[in-house]
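Asks: predicted model follows, preceded by the sequence.
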Amino acid sequence: MAGAAALAAQAPKGAAQVPNADGRSASTEAAAAGANGVRVVDRPGSDFMVDVIKSLGIEYVFAMPGSSFAGLHESILNYAGNKNPEYITCMHEESSVAMANGYAKVEGKPVAICAHGTVGLQHAAMAVYDAFSDHTPVYMILGNTQDATRRGGEVGWVHSAQDPAAMVRDYTKWDDQPVSLAHFAESAVRAYKVMMTPPMGPVAITLDTDLQDEQIPPGLDLRIPKLSMSAPPAGDGAAVAEAAKMLVAAETPVLIAGRAARTPEGVRLLVELAETLQCAVLDQHRRMNFPNRHPLNQSMRAGAGGKPLLIPAALAPDLVVGFESNDFYSALRGVRQRNPQLKVININSGDLFLRSNYQNFQRYTEADLSIAADAEATLPYLIEACKKLITNDRKRAFQARGAKLAEAHNQALEKARLDASYGWDASPISTARLSAELWGQIRTEDWALVTDSSPWIHDWPLQLWDFTKHYQYIGGAGAEGVGYAAPAAVGAAFAHKRHGRLPIAIQPDGDLMCANGVLWTAAHHKIPMLTLMHNNRAYHQEVMGLQGLANRRQRGIDHIQIGTKIYDPFIDYAKLAASMGVRSEGPITDPKDLAGAIGRGIQAVKSGEPYLVDVVTQPR
Amino acid sequence: MKRTILAVLLCAAFAASGFAQTRGGDAVKGQGLYLKNGCYECHGTVGQGGTGPRIAPRTAALTYIRKPAGQMPPYTPKVMPDADLADLLAYLVTIPAPPPAKNIALLNQ
């Protein structure tokens, strides 16, 4: 080393660089060597990487530490002063990505995550698939050592890969493994642009350890390309005009919203379209698309759970329009049989980007008019086109239609309240009671639900609460992966923190046990959120599945608890939370004890802390 | 007493619906069977509904339990004898109705 440094120190600036035995240039070695021959670096490549990350407006990096990105980690802390980006300590890479997912859905902008390109990404993979299926932006930075002669022994080798991102390429939008800092800058900016262009999705940049650690060669002209964001793709003008014509002419149109609203403006636009037409809206609740208590919202009429996987027969649609509908084929089941003349319009950005291997694109939907475009970007043009076509006669017809829908909406709400009254005093506590007790105390606050309302709790919040704002609901795991809810909730709550909101998580027990280290992250980073455990002491979906199977086979259900129930011992979630610094109480089994616990939790959250209440609940 | 009368009336109704009722059901045993057979997993511990529909305090159709449609698995005589079924149904009709929803302040907000 000393020899190489001495040799390189004599080399004139700009001289050709000759690789040494390690494959590193002699001049680089020279720049990295101090006078006494000890290798020092005063301007590592990772400092420039931080400059690039800053230029993208990324404020946070969620990560569990790993040696393959230690160079970047150090630059974040000491070069950037741990600000823009700030390092948020996670305890599992799956948590990092799911937290990033929850954060992005609330804040509308991404964070970065860092992980080993091998063992870290292997941990993260399910959450990456969730984000991909959920059209959520996650900016992944993966560490790797490309140069085989530079890997540090057995661990260095086993933690390196020829092509780390290959593992998740089937469910990311784009990735690259840059070989120079200039290459990194261009790919980092490109990755951001690709990630944020609808349909959004995760991207990955693999960072070579040497590229992070080595001195930036003196005189190297490094620049950061300008980020040029693409306007989201709106529907073709002629197709939008045709869709408007069909909508205005229809007698009983139904709008189905999956991930229609990317932003608060998306909610406003969907409301404007529905009110213009006075037509029914069914929300698939993958986002907060449409206020649940709006009189045109007919989602509660779709049956138990409020998730309209099927269009209620009573709506008798002659036209169904899907807006980023995630499982449009299933939603149309039955309706086509009842009305062979049914017309279907599908506005979906999913057609613009597909991968082949994983089947998250769902069954093929036959449509009379298919518009490959972002729904939110298309809505202004569709609204304008509809308004131009509406005559006074149609307007009167629409008003009459809207009045009937409003009446049906009110009846559905009353039925939901009646249904919620059953089992009101039951122990274990009904999920309806839990939801109603929460609503009683949060409804005057600036609240947000940071977990899925979902079938797990019978969609009670979406039936009993009053969701009006985009940030109040983030939907669930895009790929229905168990282990998503807890970290996504912490990520979402982290996004709410700067706005001073009251985040509420109704947390399934089995999900929390996948990676409960997020409780420590919430405590460590002082992320205020109130978690109520939905502790049904089981992987209940699997209980029902196995029970059904055993009964169909006429073998009885005496053994189905094996592998499906979480018992012997029961998990004490209050103690689990307390062990990680989260104030907590429970288990609560008497519904009369809920109100006090929720009140104490809200006070703790208002003082800036996370708080957990363990509630032993009915199965659903 | 009122519940017993109701149970008797409903059992008569079950018999009329085609179920081979061999004896009156035992509600206490029925509660144990309701839990043991996992009915609560879909219908809740007091029949209030969940993934499955609400089944109390109203009658469940016996023919439906034997030959259900949709997602519910069949409970054939092999896994649930007629006598157990009678006990189960006797339990279901004893489950009291909840307070009226309009009287629950938390459900009117």
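Replies: The structure has been received and is ready for your questions. Numbering: from 1, shown residues only, chains lettered A, B, ... in the order given.

Asks: and the closest residue to residue A:63 other than its chain neighbours, bridged to which residues?
Replies: Leaving out its chain neighbours, the residue that sits closest to residue A:63 by Cβ to Cβ, 6 or more residues apart in numbering or on different chains is residue A:114, at 3.8 Å. For every residue, glycine as well, the C-beta is placed using N, CA and C. Assessed by DSSP bridges, residue A:114 has beta-bridge partners residue A:63, residue A:141.

Asks: now do residue A:114 against residue A:472, distance only.
Replies: 30 Å (Cβ to Cβ, to the nearest Å).

Asks: more crowded one of these two?
Replies: residue A:114 (28 against 24; other Cβ atoms under 10 Å in any protein chain shown).

Asks: surely that one is in contact with residue A:70?
Replies: No - judged on Cβ atoms under 8 Å, residue A:114 makes no contact with residue A:70 at a distance of 9.7 Å.

Asks: overlap in contacts of those two?
Replies: Counting by Cβ atoms under 8 Å, 6 or more residues apart in numbering or on different chains, the common neighbours of residue A:114 and residue A:70 are residue A:143.

Asks: which residue does chain A have closest to chain B?
Replies: residue A:423 (3.1 Å; Cβ to the nearest Cβ).

Asks: count of residues packed around that residue?
Replies: 28.

Asks: my read is that it contacts residue B:44, right?
Replies: Yes - using Cβ under 8 Å as the test, residue A:423 is close enough to residue B:44 to be in contact (5.3 Å).

Asks: joint contacts of those two?
Replies: Joint contacts of residue A:423 and residue B:44 (Cβ under 8 Å, 6+ apart) are A:430, A:618.

Asks: quick one on the thing from earlier: OK, contacts around the residue nearest to residue A:63?
Replies: Residue A:114 touches A:61-63, A:66, A:69, A:72-73, A:96, A:120, A:140-143, counting by Cβ under 8 Å, 6+ apart.

Asks: and the residue lying closest to residue A:353 once chain neighbours are set aside, how many neighbours?
Replies: Nearest in space to residue A:353, with sequence neighbours left out and distances taken as Cβ to Cβ, 6+ apart, is residue A:199 at 5.3 Å. When neighbours are counted by other Cβ under 10 Å, residue A:199 registers 21.

Asks: please settle this for me: is residue A:199 part of a helix?
Replies: No - applying DSSP: H, G, I helix; E, B strand; the rest coil, one finds residue A:199 to be coil, outside a helix.

Asks: what distance do you get for residue A:398 to residue A:500?
Replies: 40 Å.

Asks: out of the two, which sits in the busier spot?
Replies: residue A:398 (17 against 10).

Asks: so the more buried one is in which element?
Replies: helix A:392-421 (DSSP states H and E).

Asks: now do residue B:86
Replies: Assigned by DSSP H and E, residue B:86 falls in helix B:82-94.

Asks: please apply the same query to residue A:585.
Replies: With DSSP H and E as the criterion, residue A:585 is inside strand A:583-588.

Asks: adjacent strands (with direction) for that strand?
Replies: Here, using DSSP bridges, strand A:583-588 pairs with strand A:610-616 (parallel).

Asks: strands along the stretch 501-620 of chain A, start to end?
Replies: Remark: strands assigned in the stretch 501-620 of chain A by DSSP state E, counting those that start in this stretch are A:502-508, A:529-535, A:583-588, A:610-616.

Asks: buried ones in the last one?
Replies: Okay, so that is strand A:610-616. A:610, A:611, A:612, A:613, A:614, A:615, A:616 (16 or more other Cβ atoms under 10 Å in any protein chain shown).

Asks: and the helices in chain B, which stretches?
Replies: B:2-16, B:27-36, B:39-43, B:62-66, B:82-94 (DSSP state H).

Asks: if you could redo that for the stretch 251-400 of chain A, that was the one I meant.
Replies: With helices called from DSSP state H, counting those that start in this stretch, the stretch 251-400 of chain A shows them at A:264-277, A:328-332, A:335-338, A:375-389, A:392-421.

Asks: and the residue in chain B that chain A sits nearest to, how many residues sit next to it?
Replies: The nearest approach of chain B to chain A comes at residue B:48, 3.1 Å away (Cβ to the nearest Cβ). Residues lying near residue B:48 (other Cβ under 10 Å) number 28.

Asks: for it, which non-adjacent residue is spatially closest?
Replies: Per Cβ to Cβ, 6+ apart, closest to residue B:48 is residue A:423, 3.1 Å.

Asks: let me know the secondary structure of the one you found.
Replies: coil.

Asks: can you check the pLDDT for it?
Replies: Looking at residue A:423, its pLDDT stands at 96.

Asks: distance check, it against residue A:591.
Replies: 9 Å.

Asks: can I get the helices of the stretch 251-400 of chain A in TSV with distance to residue A:86?
Replies: Shown next, in TSV, are the helices of the stretch 251-400 of chain A (distance: least, Cβ to Cβ, whole Å):
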stretch	distance to residue A:86
helix A:264-277	25
helix A:328-332	40
helix A:335-338	49
helix A:375-389	30
helix A:392-421	42
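
Asks: let me have the ones you listed in a markdown table, adding distance to chain B as columns.
Replies: Compiled in a markdown table, the helices of the stretch 251-400 of chain A are given as follows (distance: least, Cβ to the nearest Cβ, whole Å):
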| stretch | distance to chain B |
| --- | --- |
| helix A:264-277 | 22 |
| helix A:328-332 | 14 |
| helix A:335-338 | 16 |
| helix A:375-389 | 31 |
| helix A:392-421 | 4 |
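
Asks: closest to residue A:480 out of these?
Replies: Closest to residue A:480 of the helices of the stretch 251-400 of chain A, according to Cβ to Cβ: helix A:328-332, at 13.8 Å.

Asks: give me the contacts around that closest one.
Replies: By Cβ under 8 Å, 6+ apart, the list of residues contacting helix A:328-332 reads A:256, A:258, A:282, A:284, A:308-311, A:320, A:322, A:325, A:342, A:344, A:346, A:348, A:362-365.

Asks: so which of the residues you listed are in strands?
Replies: When the contacts of helix A:328-332 are checked against strands (DSSP state E), the matches are A:256, A:282, A:320, A:322, A:344, A:346.

Asks: most neighbours among the residues you listed, please name it.
Replies: Most surrounded of the ones in strands among the contacts of helix A:328-332: other Cβ under 10 Å gives residue A:282, at 31 neighbours.

Asks: what's the closest non-adjacent residue to the most centrally placed residue in chain B?
Replies: Nearest to the geometric centre of chain B sits residue B:92, at 3.6 Å (Cα atoms, centre = their mean). Using Cβ to Cβ, 6+ apart and skipping the chain neighbours, the partner closest in space to residue B:92 is residue B:56 (4.7 Å).
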